[in-house]
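K.L.:
coords please:
(one chain, ligands or ions: 2)
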Amino acid sequence: MTVYHTDVAVIGAGTAGLAAYRQSIAQGANTLLIEGGPYGTTCARVGCMPSKLLIAAADAHHALGRLPAFGIDLPHPPLIKGERVMARVRNERDRFVGFVVDGVNNIPDEHKIRGYARFVDEHTLSVNLEQGGQATIHAKTIVIASGSTPVVPDILKNAGDRVIINDDVFSWNTLPKSVLVVGAGVIGLELGQALSYLGVRVTLLGRNNGIGHLSDPVVRESALNVIKHSMDFQSDASLESVGRTESGVKVTYIDDAGQTQHREYDYILAATGRAINLNSLNFAATQLTPQANGVPAFNRHTLQIGSSHLFIAGDVNADVPLLHEAADEGAIAGANAARLALGKPVEAGERRSPIAVIFSEPNIAHAGQMYKELDLSNTAVGSVDFSDQGRSRVMQVNQGVLRVYGDIASDRFLGAEMVGPRNEHIAHLLAWSHQMGLTVTQMLAMPFYHPVIEEGLRTALRALAANIKQKSAIAPCEAHLTVGD
Ligand SMILES: Cc1cc2nc3c(=O)[nH]c(=O)nc-3n(C[C@H](O)[C@H](O)[C@H](O)COP(=O)(O)OP(=O)(O)OC[C@H]3O[C@@H](n4cnc5c(N)ncnc54)[C@H](O)[C@@H]3O)c2cc1C
Ligand SMILES: NC(=O)c1ccc[n+]([C@@H]2O[C@H](COP(=O)([O-])OP(=O)(O)OC[C@H]3O[C@@H](n4cnc5c(N)ncnc54)[C@H](O)[C@@H]3O)[C@@H](O)[C@H]2O)c1
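P.N.:
Ligands and ions are numbered 1, 2, ... in the order given. Predicted structure coming up:
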């Protein structure tokens, strides 16, 4: 048994944990970084990067489908070489993972502990060491950065070894013939559409007509139409039974038309959400009480759990499970854990305006406040339909809708939801505008080149400005005076 005494212990060497470690060291605290799984981070190994590599191959193939509209016919249908597609995904992924692992290798060995940590009490962790034996760590403060794990609903487990998660997809040597994807959230949409665009027979099963995290009914309707047009997507399905066959799985589901379907697939991909890795840490030993969502109350600006010496960062706090947020949260948590351990007060870190992008084709995104978060009585809306948008039409990518929201009284830009071509870029312009606190008038004073897809954003903003003007004219005169027209 090895016993350590440290200022700060960080549980998890993912994006949040690595950022926490670096900031803690920068503050001058003795810091131990504990990792139970492989180094390399979820994002680089089995998340953001390999999924975008698969999507890049899929989009390249799918773009060929637009050629005839430009007067170009291919002499033969393109041949998708599954082995080569997956080889590139894995090779490029390994390159990205390599950069992360190089960074970990630069951390002194005496700061790293390999094995899964569990709480013994609020200040003590126990680790079954990978190399054998056990370590006990007494830490003044602890950063929990243990990430999340895919959830596999019980019904899918009837598929035995043929139910897979995102991690499995990225270790394939070739593409399968068919996959049933369950869950029309972010992972289901990205991987389901990518596999479909790569010639795999895919059915995507959603429920209650949800799509990604969209909450604006107009944008959601448009996204449902567009994605259904691109692949077999049953958005209001019910999975009735799952069984293993000799060569794959057989399933029964009720489709959007209410018809019972009996189908067979090679695999079922569970894309039904992720659970936080907290219970597995024996968090109960800390005597801190989790809330209904399983996460203890914490301050999102300091990442401190209550007034305790524990901090929680990244996916494990279930706040905004995205890469850039995990990095920010880890950095704030690490710096604060070190300050507290060294007898200094914790400080509030800066948080950025919300932005999220689903890299489907076309992109689905939101920036700033979402529709469901708005006080609709004080909000005006502007929109653009990309089907008539000039540059989008030129490029044959004219699908989707963007809706922008503004505050009637102050003219402030509030947020947006969208599905549309290259909208990952429009989402950034809007998140930046939101963070800068711009008014709609100020946003319209910015340059818009011609002809670009962003002119669609200008159309939506002009409509929003007109609606703000119209609504503020009938609102109390104080509000009218602040519109600035
Ligand atoms: C398929 C997929 C695609 C994604 N695409 C995007 C994207 O395009 N853009 C985006 O912003 N986000 C994306 N994400 C989300 C992003 O990957 C996560 O938000 C981010 O990786 C979370 O980082 P983290 O540090 O919280 O967790 P992780 O990187 O998962 O790190 C947690 C670490 O803790 C370790 N651990 C767990 N328990 C213990 C323990 N008891 N003891 C020691 N170590 C432990 C784990 O082994 C792991 O290494 C994607 C996710 C997936 C799954
Ligand atoms: N581009 C990106 O930024 C990106 C890409 C992938 C993942 N991520 C992150 O990873 C997180 C996890 O992604 P995810 O797709 O696993 O979760 P998710 O929460 O986005 O989607 C899960 C979906 O599964 C559905 N579902 C749950 N149980 C079901 C069942 N039994 N039958 C049918 N549907 C069911 C839910 O209604 C939901 O739509 C995302 O929220 C996101 O933060 C981000």
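
K.L.:
Just give the number of residues close to residue 102.
P.N.:
Residues contacting residue 102 under the criterion other C-beta atoms under 10 Å number 9. The C-beta positions use only the backbone N, C-alpha and C, and glycine is treated the same way.

K.L.:
Next up, identify which helix or strand it is on.
P.N.:
For residue 102, the host element (DSSP states H and E) is helix 82-105.

K.L.:
now residue 380
P.N.:
Using DSSP H and E, residue 380 falls in strand 379-385.

K.L.:
Also residue 433?
P.N.:
helix 423-435.

K.L.:
With residue 222 instead?
P.N.:
helix 217-230.

K.L.:
circling back to that earlier point, the strand holding residue 380: partners in the sheet, and parallel or antiparallel?
P.N.:
Take DSSP bridges as the rule and strand 379-385 pairs in its sheet with strand 401-407 (antiparallel).

K.L.:
how far off helix 423-435 does the strand it pairs with point, in degrees?
P.N.:
Strand 401-407 runs at 0 degrees relative to helix 423-435, counting by axes from the mean of the first three to the mean of the last three C-alpha atoms, to 10 degrees.

K.L.:
I would like the residues contacting strand 401-407, please.
P.N.:
Residues from elsewhere that reach strand 401-407 (C-beta atoms under 8 Å, 6 or more residues apart in numbering): 216, 218-219, 222, 368-369, 371, 374, 378-386, 412-420, 423, 426, 430, 439-440, 456-457, 460-461, 464-465, 467-468.

K.L.:
got the angle between that strand and helix 217-230?
P.N.:
Using the same axes, to 10 degrees, strand 401-407 lies at 160 degrees relative to helix 217-230.

K.L.:
now the closest residue to residue 277 other than its chain neighbours: how far from residue 92?
P.N.:
Closest residue to residue 277 apart from its sequence neighbours, by C-beta to C-beta, 6 or more residues apart in numbering: residue 146 at 4.0 Å. Taking C-beta to C-beta, to the nearest Å as the criterion, residue 146 is separated from residue 92 by 27 Å.

K.L.:
the more surrounded of those two?
P.N.:
A count of neighbours by other C-beta under 10 Å puts residue 146 above the other of residue 146 and residue 92, at 29 against 15.

K.L.:
close enough to count as contact, that one and residue 275?
P.N.:
No. Under the criterion of C-beta atoms under 8 Å, residue 146 makes no contact with residue 275, lying 11.3 Å away.

K.L.:
Spell out which parts of the chain neighbour ligand 1.
P.N.:
11-17, 34-37, 41-43, 47-48, 51, 116-117, 145-147, 166, 187, 277, 280-281, 314-316, 321-324, 326 (C-beta under 6 Å from any ligand atom).

K.L.:
Pull out the buried members of these.
P.N.:
Buried members of the residues of the chain next to ligand 1, scored by 16 or more other C-beta atoms under 10 Å, are 11-17, 34-37, 41-43, 47-48, 51, 116-117, 145-147, 166, 187, 277, 281, 314-316, 321-323, 326.

K.L.:
Restricted to strands, list those residues.
P.N.:
11, 34, 35, 116, 117 (DSSP state E).

K.L.:
The second one pairs with what?
P.N.:
Meaning residue 34. Going by DSSP bridges, residue 34 forms beta bridges with residue 11, residue 113.

K.L.:
List the residues that contact the residue in the chain that ligand 2 sits nearest to.
P.N.:
The minimum distance from the chain to ligand 2, using C-beta to the nearest ligand atom, falls at residue 185 (1.6 Å). Applying C-beta under 8 Å, 6+ apart to residue 185 gives the contacts 210, 212, 213, 271, 272, 273.

K.L.:
ok so, going back, quick one, which of the contacts of strand 401-407 are buried?
P.N.:
216, 219, 222, 368-369, 371, 374, 379-386, 412-420, 423, 426, 430, 439-440, 456-457, 460-461, 464-465, 467-468.

K.L.:
Run through the residues that contact the residue nearest the centre of the chain.
P.N.:
By C-alpha atoms, centre = their mean, the chain has its centre lying nearest to residue 322, at 4.6 Å. Shown in contact with residue 322 (C-beta under 8 Å, 6+ apart): residue 356.

K.L.:
quick one: pLDDT of it?
P.N.:
Note on residue 322: pLDDT of 98.

K.L.:
Over to residue 483?
P.N.:
pLDDT for residue 483: 34.

K.L.:
what about the helices in the stretch 201-350 of the chain?
P.N.:
All helices of the stretch 201-350 of the chain, identified by DSSP state H, counting those that start in this stretch, fall at 217-230, 323-341.

K.L.:
Next, the contact list for the closest residue to ligand 1 within the stretch 201-350 of the chain, please.
P.N.:
Nearest residue of the stretch 201-350 of the chain to ligand 1: residue 314, at 2.3 Å (C-beta to the nearest ligand atom). Going by C-beta under 8 Å, 6+ apart, residue 314 touches 12, 14, 15, 16, 17, 145, 147, 321, 325, 326, 329, 330.
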